[in-house]
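**Student:** Got a predicted structure plus its sequence, pasted below:
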Amino acid sequence: MFSTNNEEIDFLERLRKRDREKLKLKQKGHLPVMDRETLVQLCVDNDGYETPDLNDNLFAHFKGFQKIEGLEPFFNLKALWLESNGLSVIENIDCLVHL
């Protein structure tokens, strides 16, 4: 049976928090952009994977995105959640053949 040490879990949580803070600093004062780094962070924050093609759900609602882009590495997505963003056109999802 697989067991994890609390110290390992704490370390992983600290790494996730550090990555989130770096991303926030990078985006400070700018409109959110759907780039690989942002999308991977969204996956990790929602118990997904850092490797884009392993994710089958992407929760990107309420993030303020203006345009759909950068989804090519996420070709295995079966669900894409984009509720309450600033999107006016649904585009650039041709690569998501499993939606």
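**Tutor:** In hand now; what should we look at?
**Student:** Grab the longest helix from this structure for me.
**Tutor:** Using DSSP state H, we find that the single longest helix of the chain is helix 6-27.
**Student:** contacting residues around that helix?
**Tutor:** Contacts to helix 6-27, defined as C-beta atoms under 8 Å, 6 or more residues apart in numbering, come from residues Val33, Glu37, Thr38, Gln41, Val44, Asp45. The way it works is simple: take the backbone N, C-alpha and C, and place the C-beta from them, glycine included.
**Student:** and which of those residues is nearest to Ser88?
**Tutor:** Checking the contacts of helix 6-27 against Ser88 with C-beta to C-beta, the nearest one is Val33 at 15.8 Å.
**Student:** element containing the closest one?
**Tutor:** Assessed by DSSP states H and E, Val33 sits outside every helix and strand.
**Student:** picking up where we left off before, can I have the buried ones of the contacts of helix 6-27 as a ChimeraX selection?
**Tutor:** Applied in ChimeraX, the following selects the buried portion of the contacts of helix 6-27 according to 16 or more other C-beta atoms under 10 Å:
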select :33,38,41,44
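**Student:** any chance of the contacts of helix 6-27 in JSON lines, with distance to Arg18, secondary structure and pLDDT too?
**Tutor:** Shown next, in JSON lines, are these (distance: C-beta to C-beta, whole Å; DSSP: H, G, I helix; E, B strand; the rest coil; pLDDT from 0 to 100):
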{"residue": "Val33", "distance to Arg18": "21", "secondary structure": "coil", "pLDDT": "88"}
{"residue": "Glu37", "distance to Arg18": "14", "secondary structure": "helix", "pLDDT": "91"}
{"residue": "Thr38", "distance to Arg18": "16", "secondary structure": "helix", "pLDDT": "93"}
{"residue": "Gln41", "distance to Arg18": "11", "secondary structure": "helix", "pLDDT": "93"}
{"residue": "Val44", "distance to Arg18": "12", "secondary structure": "helix", "pLDDT": "93"}
{"residue": "Asp45", "distance to Arg18": "13", "secondary structure": "helix", "pLDDT": "92"}
